[in-house]
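J.: What would the 3D arrangement of this be:
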Amino acid sequence: MVRCTPTRSSPIAFFKYFSVCWLSGTVFLWMYWPSFNAALVAPDYVAQHRSVINTYFSLAAACVTTFALSPVFQRNGGKWRLSMVRE
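T.: Next comes the predicted model:
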């Protein structure tokens, strides 16, 4: 388990440490959020399965749309940066 407590030894190590925390939080949400939504549905297997699939599709569509439209709203001339994917 990753502990998210920063060490201020250097700015690069500090940033790298929080990048691991951000990545672990993102992976956690992508893995477990659909099951949280499926728990709210009636105890029918088909409805729960449909809920999980729809949640994955909506997460993927939201991520792709945000990534595609984020350069439009940036002040740096509309260039993509790797930090956009992370954030």
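J.: Could you check the pLDDT of Asp44?
T.: Asp44 carries a pLDDT value of 83.
J.: And Phe57, by the same measure?
T.: Model confidence at Phe57, expressed as pLDDT, equals 91.
J.: can you check Ala60 too?
T.: For Ala60, the pLDDT comes out at 88.
J.: repeat for Lys16
T.: Note for Lys16: predicted pLDDT of 67.
J.: now swap in the one 5 residues further on and tell me
T.: Reported pLDDT at Cys21 in the predicted model: 76.
J.: which element follows the top helix by length along the chain toward the C-terminus?
T.: Ranked by residue count and defined by DSSP state H, the top helix of the chain is helix 11-39. Helices and strands here follow DSSP states H and E; after helix 11-39, the next one along the chain is helix 45-69.
J.: so where's the protein shaky on pLDDT?
T.: Applying pLDDT under 70 to the chain flags residues 1-17, 77, 81-87.
J.: center of it - which residue?
T.: The centroid of the chain falls nearest to Thr26 when counting by C-alpha atoms, centre = their mean (3.9 Å).
J.: how much space between it and Pro34?
T.: Using C-beta to C-beta, to the nearest Å, we find Thr26 at a distance of 14 Å from Pro34. Any C-beta I mention is one placed from the backbone N, CA and C, and that applies to glycine too.
J.: and Cys63, how many neighbours does it have?
T.: Residues lying near Cys63 (other C-beta atoms under 10 Å) number 13.
J.: Give me the neighbour count for Pro34.
T.: 20.
J.: Give me the three-state assignment for Trp80.
T.: Put simply, Trp80 is coil when judged by DSSP: H, G, I helix; E, B strand; the rest coil.
J.: Quick one: residues contacting it.
T.: Applying C-beta atoms under 8 Å, 6 or more residues apart in numbering, one finds that Trp80 lies in contact with 67, 70-71.
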